[in-house]
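Student: The sequence and its predicted three-dimensional model are supplied below.
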Amino acid sequence: MTPALDVTDLHASVGDIEILKGLSLQVPFGEIHAIMGPNGSGKSTLCHVLAGKEAYTVSGSARLDGQDLLGEPTDVRARMGLMQGFQYPVEIRGVKLVDFLKEAADEAGIDPDEAARRIAESGDQFDMTRFLTRSVNQDLSGGEKKRSEIFQMAVLRPKVVILDEIDSGLDIDAVREVAEAVEAMRSPEVGIVLITHYSRILRYLSADRIHVMMDGRIIESGGPELAAQLEAGGYEAFRAQLT
């Protein structure tokens with residue numbers, strides 16, 4: 001079966017500085033994969049490159065459900081089924097969340113009646129109905145903003161979701177709520193990539209694979225036990241693999 005996301009030998013540079021150094025990653029539909037790594041390992045660059053940020057010189061391959069991503073602009077990648085959840089979601093004052101979702105659903109080719117049904121259903125599921133008539137992310141707590149991002153994904157139903165440190169800056173209760181929301185988004189039609197510094201969010205969801213990223217590439221992959229190993233010993237034990 002074609003994977004949701006298939007990245008092979010991905011390189012990315014800014015000027016003379018190479019950040020991604022031959023990264024390969026495959027995420028099947030229906031699975032949640034967590035990427036963990038220290039600051040400076042290239043995790044955010046991976047997000048930017050997959051989303052189509054133009055600051056990088058890129059080579060290698062990245063395919064979404066068998067279709068090439070790297071040759072397409074950001075808006076086309078979104079229509080192909082790629083969505084990113086941000087570390088710091090921005091407020092869009094003057095744009096109601098419900099109007100934002102209806103417009104996005106129309107761009108995605110979702111029938112208006114079906115979009116309305118999904119908004120109502122997922123609004124209840126993720127406790128976001130009360131925010132629908134409020135401007136996007138206006139006066140929301142950190143946890144509410146992250147939950148709103150997942151709510152939007154549940155309505156639009158992308159094929160690949162990239163969550164960039166969605167647990168950043170959250171207290172323990174908010175981390176649990178966001179983890180439960182991510183788990184609720186799991187389905188056979190989506191592959192989820194969760195990028196995080198810490199293993200605490202993994203206590204509240206069932207990641208299928210854990211990947212350790214250092215120096216611009218994936219250097220180790222495994223099951224949930226790998227997160228426990230990182231929690232106990234940090235990244236030092238993996239640095240020897242870089243030499």
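Tutor: Okay, I see it. Numbering: from 1, shown residues only.
Student: which stretches of this protein aren't confidently modelled?
Tutor: 240, 242-243 (pLDDT under 70).
Student: For Ala104, see how far away the spatially closest residue to Val95 that is not a sequence neighbour is.
Tutor: Closest residue to Val95 apart from its sequence neighbours, by C-beta to C-beta, 6 or more residues apart in numbering: Val136 at 5.4 Å. All C-beta spots, glycine's among them, are computed from the backbone N, C-alpha and C. Taking C-beta to C-beta, to the nearest Å as the measure, Val136 falls 11 Å from Ala104.
Student: the more surrounded of those two?
Tutor: Using other C-beta atoms under 10 Å as the criterion, Val136 and Ala104 rank with Val136 on top: 22 against 16.
Student: Would you quantify the distance from the more buried one to Leu97?
Tutor: 5 Å.
Student: if we can go back for a sec, the residue nearest to Val95 reaches Ile92, doesn't it?
Tutor: Yes: contact status for Val136 versus Ile92: in contact at 3.9 Å, counting by C-beta atoms under 8 Å.
Student: residues shared between the contacts of Val136 and Leu97?
Tutor: Common contact partners of Val136 and Leu97 (C-beta atoms under 8 Å, 6 or more residues apart in numbering): Ser148.
Student: What ranges does the chain have for its strands?
Tutor: Per DSSP state E, the chain carries strands over the ranges 5-14, 17-27, 32-36, 57-64, 67-68, 82-85, 92-96, 135-136, 160-164, 191-196, 209-214, 217-222.
Student: my read: Met36 touches Val193, true?
Tutor: No: taking contacts as C-beta under 8 Å, Met36 lies outside contact range of Val193: 11.6 Å.
Student: just the helices in this structure please.
Tutor: Listed in chain order, the helices of the chain (DSSP state H) span 43-51, 74-80, 97-107, 112-125, 142-156, 172-185, 224-233, 236-239.
Student: Tell me the buried residues in the last one?
Tutor: Residues Phe238 are the ones in helix 236-239 that count as buried (16 or more other C-beta atoms under 10 Å).
Student: Which other helices and strands does it contact?
Tutor: Contacts defined by 3 or more C-beta pairs under 8 Å, 6 or more residues apart in numbering; DSSP states H and E place helix 236-239 against strand 209-214.
Student: how about 7 Å then?
Tutor: Using 3 or more C-beta pairs under 7 Å, 6 or more residues apart in numbering; DSSP states H and E, no helix or strand is in contact with helix 236-239.
Student: Could you do the fourth one as well?
Tutor: Packed against helix 112-125, as judged by 3+ C-beta pairs under 7 Å, 6+ apart, are the following elements: helix 97-107, helix 142-156.
Student: Tell me the buried residues in that helix?
Tutor: Using 16+ other C-beta under 10 Å as the test for burial, helix 112-125 gives Ala115, Ala116, Arg118, Ile119, Ser122, Gly123.
Student: Would you reformat the helices of the chain as JSON lines and include distance to Ser206?
Tutor: Converted to JSON lines, the helices of the chain look like this (distance: least, C-beta to C-beta, whole Å):
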{"stretch": "helix 43-51", "distance to Ser206": "21"}
{"stretch": "helix 74-80", "distance to Ser206": "27"}
{"stretch": "helix 97-107", "distance to Ser206": "28"}
{"stretch": "helix 112-125", "distance to Ser206": "18"}
{"stretch": "helix 142-156", "distance to Ser206": "16"}
{"stretch": "helix 172-185", "distance to Ser206": "7"}
{"stretch": "helix 224-233", "distance to Ser206": "8"}
{"stretch": "helix 236-239", "distance to Ser206": "23"}
